[in-house]
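Participant: next one to model:
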Amino acid sequence: MSSTPSTPSSSRVLTGSHGLLLAVLFVMMGNGIMNPLLGLRAELEGFSTTTTGIVLSFFYIGLLAGAWVTRRMVVDVGHIRVYAALASLASTSTLLYILNTNPGVWSLARLINGFAIGGLGIVGESWLNEIANNRTRGRLLSIYFVVLMGGLSSGQMLILFGDPSGFALFVAASILLSIAVIPITLAPSAAPTLIVHDKLPFGQVWRAAPLGVLVSFGQGIGSGALVTMGAVFAVQSGMSADRVAWFTSIALIGSVVLQPPIGILSDRLGRRRLIIATGLICAAACLVMINTDPLGWSALLVSFVVGGFSLSMYPLALSHINDRVPPGSAVGVSSMVARLAGVGSVLGPLAGGPVMASGGPEALYWLIGLVFLIMALLGLVRIFAREGVPAGRRRPFVAIPTRASGVLVHMARRIRPPAGLGKRNRSEDQPKEEAD
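Facilitator: Here you go, the predicted structure:
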């Protein structure tokens, strides 16, 4: 009597992912505390705004390095050991800030922290991809996105329960990152297969979708400046520590709420139209922020809009490029786009610090607004320069976090389309090369 291997049921797959999602939640909460905390503490320690921008930019340098190095480490050592080592490294780095308040030490700690978080993301997303099957892939991806962004925003809210001038919040971040090891090391699921992809030549992507390349880089500058220097803006504008937590968290919540409808509209109306609209709305919201009382409740609403639209630009750029490159290129494209956005994110705080130092805290939103206005204008130019991709050839938009790894995009592209849609897309997705 022969037997065929059975596919795990949806309920078993979702249940089996609890440990991984719990680990992601703890990592994001621990990392989330640091974003507003370091901005607050840097002001208390008397760092200049330019110095703060330089220090915070090292996180993104580490993030890029961690995502690249981890792939080799997993092959040599194994995913569980690498995950445990990186979580320990991230936990240790959060304690370096309270041992020495020298900007050089803080830069090193931020570099180490970024390296660890970048690597943890690669391992965690590989595991998520291994757990998923065709029935659960879309649901797991949505849950992962909510857990990731929810962990970051709730971590920032933990500032409400501690004193930024003390050491307890740094210890809390270290504890959360250490706890993240437990669900992963005790998880019953099999070791993930590391996804290896062919590198896509930059020239090929540039020729296919120059707008997507420029927007991914520009979005990195804008969102990098917002996420790192937002707390500094809040402190210099006279906000209390509690209000800083609300102000920075609500920007992330905005991305969770606004990204799905923006994606739906881009599937129907086209990526470039939504890039233009998103850029213009974000730029307008930045202008409103400049003229809004930062201590009023309206500033929180504007922060929601700025965060929601600025962080939604990344998946728009990624979807735009994927619409225009050959089928099967999604993973290679996502890695390239993540690197472009990562380099932009390094430049964001490096530019934001001096701009705020010379123009005051509101100059941060002048910078962000200008970057997104330029992206909108680039989109407008490209609409008149080349024809768009027909609706039938657009690949479905998937909500993903900024700088998502190739593993996550690989998972997203394997989501089974609705009945009747897949055949049409496969036939229309072939060949015909269109530039942006």
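Participant: so where do the helices sit in the stretch 301-436 of the chain?
Facilitator: Ranges of helices within the stretch 301-436 of the chain are 330-359, 363-385, 406-413, 421-428, based on DSSP state H, counting those that start in this stretch.
Participant: tell me which of those sits most buried.
Facilitator: helix 406-413 (a mean of 24; mean count of other CB atoms under 10 Å). All C-beta atoms are positioned from the backbone trio N, CA, C, and that covers glycine.
Participant: now the helices of the stretch 301-436 of the chain as JSON lines including distance to residue 241 and mean pLDDT?
Facilitator: Shown next, in JSON lines, are the helices of the stretch 301-436 of the chain (distance: least, CB to CB, whole Å; pLDDT from 0 to 100):
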{"stretch": "helix 330-359", "distance to residue 241": "19", "mean pLDDT": "86"}
{"stretch": "helix 363-385", "distance to residue 241": "19", "mean pLDDT": "93"}
{"stretch": "helix 406-413", "distance to residue 241": "33", "mean pLDDT": "52"}
{"stretch": "helix 421-428", "distance to residue 241": "49", "mean pLDDT": "42"}
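Participant: in TSV: those helices, plus distance to residue 41.
Facilitator: Compiled in TSV, the helices of the stretch 301-436 of the chain are given as follows (distance: least, CB to CB, whole Å):
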stretch	distance to residue 41
helix 330-359	15
helix 363-385	18
helix 406-413	32
helix 421-428	50
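Participant: shaky segments in the stretch 151-300 of the chain?
Facilitator: Low-confidence segments of the stretch 151-300 of the chain (pLDDT under 70): 187-200.
Participant: repeat that for 80
Facilitator: Low-confidence segments of the stretch 151-300 of the chain (pLDDT under 80): 184-202, 204-205, 208.
Participant: now do the contacts for the residue lying closest to residue 123 once chain neighbours are set aside.
Facilitator: Spatial nearest neighbour of residue 123, excluding adjacent residues (CB to CB, 6 or more residues apart in numbering): residue 83 at 4.7 Å. Residue 83 is in contact with 120, 123-124, 181, 184-185, counting by CB atoms under 8 Å, 6 or more residues apart in numbering.
Participant: per-residue pLDDT of the closest residue to residue 152 other than its chain neighbours, please?
Facilitator: Nearest residue to residue 152, sequence neighbours excluded (CB to CB, 6+ apart): residue 32, at 4.1 Å. Here, the pLDDT recorded for residue 32 equals 92.
Participant: helix, strand or coil for residue 32?
Facilitator: helix (DSSP: H, G, I helix; E, B strand; the rest coil).
Participant: coming back round to it: so which of the helices of the stretch 301-436 of the chain is nearest residue 25?
Facilitator: helix 406-413 (16.3 Å; CB to CB).
Participant: pretty sure the residue nearest to residue 152 contacts residue 156?
Facilitator: Yes: using CB atoms under 8 Å, residue 32 is in contact with residue 156, at 4.9 Å.
Participant: endpoints of stretch 324-338, how far apart?
Facilitator: Taking CA to CA, to the nearest Å as the measure, stretch 324-338 stretches 17 Å from start to finish.
Participant: how is this structure divided into domains?
Facilitator: Here the domain parsing of the chain from automatic domain parsing is 11-190, 200-412.
Participant: determine which stretch of these is the most buried.
Facilitator: Ranked by mean neighbour count, the domains of the chain are led by domain 200-412 with a mean of 22 (mean count of other CB under 10 Å).
Participant: distance between that one and the chain's centre?
Facilitator: The chain centre lies 10 Å from the centre of domain 200-412; the measure is CA atoms, centre = their mean, to the nearest Å.
Participant: angle of whichever strand or helix holds residue 289 against helix 363-385?
Facilitator: Using DSSP states H and E, residue 289 maps to helix 271-290. For helix 271-290 against helix 363-385, the angle by axes from the mean of the first three to the mean of the last three CA atoms, to 10 degrees is 160 degrees.
Participant: just checking, what packs against helix 271-290?
Facilitator: Packing partners of helix 271-290 (3 or more CB pairs under 8 Å, 6 or more residues apart in numbering; DSSP states H and E): helix 210-236, helix 241-269, helix 297-322, helix 363-385.
Participant: what angle do the longest one and helix 297-322 make?
Facilitator: The one in question is helix 241-269. Using the same axes, to 10 degrees, helix 241-269 lies at 40 degrees relative to helix 297-322.
Participant: still on that earlier bit, now do the contacts for the residue nearest to residue 152.
Facilitator: 151-156, 158.
Participant: quick one: which of those is nearest to residue 290?
Facilitator: residue 156 (22.8 Å).
Participant: the closest one: what's its closest spatial neighbour, skipping adjacent residues?
Facilitator: residue 249 (4.4 Å).
Participant: try residue 77
Facilitator: According to CB to CB, 6+ apart, the nearest residue to residue 77 is residue 85 (8.0 Å).
Participant: and for residue 90?
Facilitator: That would be residue 116: by CB to CB, 6+ apart, it lies 3.6 Å from residue 90.
Participant: who's in contact with the one you found?
Facilitator: Residue 116 neighbours (CB under 8 Å, 6+ apart): 62, 66, 86-87, 89-90, 93.
Participant: mind picking the two most distant members of the residues you listed?
Facilitator: Of all pairs in these, the most separated under CB to CB is 62 and 87 at 14.7 Å.
Participant: that older thread, what about the residue nearest to residue 123, which helix or strand?
Facilitator: With DSSP H and E as criterion, residue 83 is part of helix 79-99.
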